Every structure is written in structure tokens, then in C-alpha cells.
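Participant: got a sequence here, can you model it:
(chains A and B)
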Amino acid sequence: MRSNRLPLYIGLTFVGSLFVMMLIGVFYTPYDPNAMDATNRLALPSATHLFGTDNFGRDIFSRVMEGTKTAFFIGTTAVSIGLFFGFLFGAFAGYFGGWIDEILMRFIDAMLAFPGILLAIMLVAVFEPGIKNTVIALGVMSVPAFARIIRSTFIQYKSYDFVKASIAKGGSALHIMLKHILPNALSPIFVAASLSFSGSVLAESGLSYLGLGVQPPDPSWGRMLKEAQPYIATAPWYVVIVGVVITVLVLGFNLLSDGMRDIHDKRV
Amino acid sequence: MRFYLYKLSMFGLTLFIVSLMIFFVFQLLPGNPAQIILGLDADEQQIHYLEQELGLDKSAIVRYIDWMAGIFQGDLGESLRYQVPVSDVLAERIPVTTSIAIFSMVLTVIVGIPLGILIARMNGKRIAVFLSMFTQLGISIPSFWFGFMLILLFSVTLNWVTSFEYVAWSEDFFGALQAHLLPSLAIAISNIAVVIRYLRNTILDQNKMDYVRTATCKGLSERAVLYGHVLRNACIPIITIIGLITADTLGGSIIIENVFALPGLGSLLIQSITSRDFPLVQSMVLYIAAIVLVIHFVVDLLYKFIDPRIRQGR
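Facilitator: Next up, the predicted model:
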């Protein structure tokens, strides 16, 4: 049976269009995202202001474009941090097993005891909110997911003949991990990275909504929602549009992850 | 017996690591904690007094032991903002969060499980791909934004819900139902999607098993195979996922309580962070993490209870 590629294509389209929006936003936004216009507050979406204006008369479309940078930046950095440490934890635990595995996994279990964004909330509360600490907190939060995936692939491949052969030839543990097992573990890692990207974007919007994430003047979709909440009755489009944009990016990465897993599963 | 002891000691060890992690993070507060808590315009005397109260003159190990000893005696320290014991503050807030969380779990189960079964039965049809993408949507929506959308629909547009005042079940049943419904639904939406996806995958996996072919060959109807055989075998995965979801429900509650201004743990946590009430934050984080660990522990024990193969160690 041919695998269904529809989720993959839709995911690529969603992520791709927001990525293009970000690239354009680097050079051009229709209005200055921070320019206020007291005479034109909470304007309805129109030809001049595609998504309308906010409570300060700022162009929402330009601000959404500006927010794509933060979203992609936070997603990419958080995934990189999570992947790096998750790889260290997972690879060592899976490859060596025994008491090393036992100790490392207890730490991962301990991190999993913090539900939702609690771990990130705690870290940000202690180290002051802001874009840098948000990224670190979300990176730490995504370590367990990577660690578990990587651990299980390492356990699986450890028993394969090509790994045993390399051990017999006297290959060092690091050599075997990076040269032999890692290339085989790439597709589950990509699936997990895509999932972790969407999780980070979602968590960032939650943190910023609570006032604990990205701080002004840095642009953030989550904080836009916080600012939009009081106007939910008078300017519902403001709340709706920003939420839809977040959902599109998160859904895009989730579908991408789903699509990649499907292809991987079919191949195995 | 050995199994229970092992599980119990692992539970204890993980809880210990969690408490160390939390304590360690709060030790990393940059600068003088007393100064940070009181703000820049506090005078020397106040700072000195708070330093003593926080035990900053003692070593970190002594402070950790004091904190733990207090917790085992039910003493979580004193909230700086409320000037009352942390346990008193928590006692007011816990019932609200618990009630919302349980209601949300009930919603998740009664909506998610039937839909999961329904979608599994539609497998192979073209519509299944779209339904699967639709459940992805449920996972992708920010829960607090879904809360906004519920407010927009039921309060602003339809005017059905006029007040977001929290009402306890003991006060007024229908009032409480109204107060619980929207926040619980906002928390439940992603969990419902997760349950549907997970249940569907479990049923489809089970359907490939030999016992299903045997049952079908025996002449049992599709319904009888599903309800009599497949779902019974799907029990363990269902319990796993429900255990995981309980933790997510608590996590979701942290944000949603702030959307609906509910007087629970989540809103208290954020207020305490904003007012730099760190002793309260530290104890609350530990409390929430401990609940999650207890849930994981109970789920582990439930496996054994339900599946005789695990019980007999086979």
C-alpha cells in the first residue's frame, strides 16, 4: 500500500508559507510593527490593514510577521538545546546500559514529573523572563523526549551485527555511537525534532501569555494574545487571527512529524 | 512483593531527585534572594530579617534538610505575601484545581474513548485520513486560545455563560456545572485528541493479532470481536495514556486557570511568581510534581492488577 503523503504535504505547506513570511519580514513589513496610531485603534481587517489594528493602532499583520522570527528562532534553538543534551543522555544510557542507564533515566523520569510547562515556568521564574531564558527553559523541557527516543534506538541497534563487528574491531564507544548508530537513528530524531519544534512554539505562546516568556519590545504571538484578551468582545478578530497563526505553525510541524513517521514506518 | 518494593524505592528515588532539582534551581537565584524578594527599595533591616527567616545564614545542605523535614511534618514554610503557612494557602486552592482536573478527565474519557473506537472502525476509508488530521488540529491548538474561543462563542456571541465566578459543587450544582464546563473543555481538547489517536492506533495494532483472526473465523461479528476481545486487550495501553493525560491535565490547568480567573493552584503559582513569593513557588512546584509521580506510580501498580501476566512475572 502506498503511504498517504497528504499530511506531509499539508505540513510542508503550512510551515513553508510561514517560513517565507518570516524571510519577507526580515526585509519588508507593510507597516512599522511598533508604530502606533491613536486615531486608528482596533480597526477591522481591511485592504489597508490586512489583519486590522490592535489597541494601540499598530498593524496586526506586520506584528504577526515580526512574530514569525521569534517563533522560528525559539523553536530552532530550543530543539537544538534539547537535541544536544537529549542525545548525550539517550546515547550514553542506551549504549552503556546498566547502572549508567539507571541513573540517567532517573533524571529523565524526574524531569517528566513536571507536567506541561511547569518546568519552564520554574526556570523562567528564577532566571527572569525574556527571550534568552525562555529558549533555555524550553530547550531543557524538550530534553526528555529526545533522550527517550534516542535511548531506545541505541538499545535496538546495539545488538545489531554491524555494531558488534565494530566493537570486535576495537572501535571506541564514541566512534560507534556517532559513526554507526547515529546515522541509523536519524529518521526517528527528525520525527522527534519536528514534534519538539511544535511543542516549543506552543509552550512559548503559553509562557508569553502568562507574562513569563518573551518580554517587550521583542515580538511574540503569545504576548499578542495576552494583549488581545481584554478586547475579545470588541475586537474578536484580533484574538482569532493570532491564534489561527500559532495553530497553523504548530499543526504544520505536527503533520510534518506524522508524515515523516509514516514514511519511516513503511520503509522499515 | 519484590516488585512492589522495587517500584516503591524507584518512586522514592525519583521524588528525591525531583526535590533536589527544585531546591537546586531555587538556589541559583541570581544575587541575594532576600533583596530580590523585597525589591530594590527595601532597607537593610528588612533584608537582614528576611535573610534570617529564609535561613540564608545557614548552608544549602542545612536549608534543604530543613525544607524536607518541614514537608514531612506537613509544614511547607510560610508564604511571604500572605504571611500565613503555605499549607493554609494551598488548602484553599487545591480543591478548585482538583475539581476542574477531575471534571476535565471525565470529559476526556467520555468523549475520547467512544470517538477513538468509532474512528478505528472507519479505518481504510478515505475519511479516516481527514479525521486523523482533524485530531492533529486538537493537539495543535493552544489550549488557552481555545479557552478564548469558548468564551467568544458561549459568552460573547451566544450569551449563554454570563459569569466566570468559580462555584463549588457543594454550593450549587448547576452553577458549578456552568463554572466547570468551559475551563475543563479547554484543558480537555488536546487530551481528547490524544486519546482518540492513541486508542485508534491500539485497536488497529490489536486487529492484526492472531486472536482477532481466530475470533472472526469463529463467526463472531465485528462488534463482538471489538468489544469482547480487542478492547479488553487494549486496556493496558488505555490506562497508560490516561495516566499520562492526568499529568497533562494538571499542567494544562496552570494556564487555563489564568484564562478563566479560577482561584486554583495554577493562578496562585503565577501570582506568586509575579510577587516573587519564592518559598511558596518552590513548595508548590514540588507539590505538583509529587502528585504527578504518585499518578505514575499508581498506573504502574494498576498494570499488575489488570494484567495477570505481569502479576505472575511472566
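Participant: and the residue of chain A found nearest chain B, what's its pLDDT?
Facilitator: The nearest approach of chain A to chain B comes at A:Gly116, 2.0 Å away (C-beta to the nearest C-beta). Using the backbone N, CA and C atoms, a C-beta is placed for each residue, glycine as well. At A:Gly116, the model reports a pLDDT of 81.
Participant: likewise for B:Ile238?
Facilitator: pLDDT at B:Ile238 comes out at 81.
Participant: what of A:Pro217?
Facilitator: pLDDT recorded at A:Pro217 is 80.
Participant: my guess is the residue of chain A closest to chain B meets B:Ile254, correct?
Facilitator: Yes - taking contacts as C-beta atoms under 8 Å, A:Gly116 lies within contact range of B:Ile254: 6.2 Å.
Participant: so where's chain B shaky on pLDDT?
Facilitator: Applying pLDDT under 70 to chain B picks out residues B:31-32, B:40, B:308-314.
Participant: name the residue of it that lies nearest to chain A.
Facilitator: For chain B, C-beta to the nearest C-beta, closest residue to chain A: B:Gly251, 2.0 Å.
Participant: where's A:Thr234, which helix or strand?
Facilitator: Using DSSP states H and E, A:Thr234 sits within no helix or strand.
Participant: still on that earlier bit, SS state for the residue of chain B closest to chain A?
Facilitator: helix (DSSP: H, G, I helix; E, B strand; the rest coil).
Participant: surely it meets A:Leu119?
Facilitator: No - counting by C-beta under 8 Å, B:Gly251 does not reach A:Leu119; the two are 9.5 Å apart.
Participant: dump the residue contacts of residue 54.
Facilitator: All of this is about chain A. A:41-42, A:60, A:63, A:224, A:227-228, A:235, A:238 (C-beta atoms under 8 Å, 6 or more residues apart in numbering or on different chains).
Participant: chain B is the one I meant
Facilitator: B:33-34, B:63, B:279.
Participant: switch the cut-off to 10 Å
Facilitator: B:33-34, B:37, B:63, B:77, B:80, B:278-279 (C-beta atoms under 10 Å, 6 or more residues apart in numbering or on different chains).
Participant: not counting sequence-adjacent ones, nearest residue to residue 120?
Facilitator: Because you didn't say which chain, this covers chain A. Nearest residue to A:Ala120, sequence neighbours excluded (C-beta to C-beta, 6 or more residues apart in numbering or on different chains): A:Ala137, at 3.9 Å.
Participant: um, chain B though
Facilitator: B:Ile203 (3.9 Å).
Participant: near chain A, anything from stretch B:126-143?
Facilitator: Yes - contact of stretch B:126-143 with chain A (C-beta under 10 Å from any C-beta of the partner chain) involves B:126, B:128-130, B:132-133, B:136-143.
Participant: the contacts of A:Asp54: which ones sit near chain B?
Facilitator: Among those, chain B is touched by A:Ala228 when using C-beta under 10 Å from any C-beta.
Participant: identify the farthest-apart pair in the contacts of A:Asp54.
Facilitator: A:Arg41 and A:Met224 (15.0 Å; C-beta to C-beta).
Participant: so between those two, which is more surrounded?
Facilitator: Neighbour count, other C-beta atoms under 10 Å in any protein chain shown: between A:Arg41 and A:Met224, A:Met224 has more, with 27 against 16.
Participant: which secondary structure element contains the more buried one?
Facilitator: Per DSSP H and E: helix A:221-228 holds A:Met224.
Participant: what is whatever helix or strand comes next after that helix packed up against?
Facilitator: Counting by DSSP H and E, the element after helix A:221-228 in chain order, helix or strand, is helix A:236-267. Packing partners of helix A:236-267 (3 or more C-beta pairs under 10 Å, 6 or more residues apart in numbering or on different chains; DSSP states H and E): helix A:6-27, helix A:60-96, helix A:182-209, helix A:221-228, helix B:126-140, helix B:143-150.
Participant: flag the shaky bits of the stretch 151-268 of chain A, pLDDT-wise.
Facilitator: A:267-268.
Participant: what do you get if the cut-off is 50, keeping everything else the same?
Facilitator: Scanning the stretch 151-268 of chain A for pLDDT under 50 picks out nothing.
Participant: re earlier: tell me, what's touching A:Gly116 and B:Ile254 both at once?
Facilitator: By C-beta under 10 Å, 6+ apart, the residues touching both A:Gly116 and B:Ile254 are A:206, B:187, B:266, B:288.
Participant: most neighbours out of those, which is it?
Facilitator: B:Ile187 (32 neighbours).
Participant: contacting residues for residue 151?
Facilitator: Chain wasn't specified; assuming chain A. Counting by C-beta under 10 Å, 6+ apart, A:Arg151 has contacts A:86-87, A:89-95, A:97, A:101, A:104-105, A:108.
Participant: could you do chain B instead?
Facilitator: Per C-beta under 10 Å, 6+ apart, neighbours of B:Ile151: A:229, A:232-233, A:236, A:239, B:157, B:161, B:164, B:182, B:186, B:259-260.
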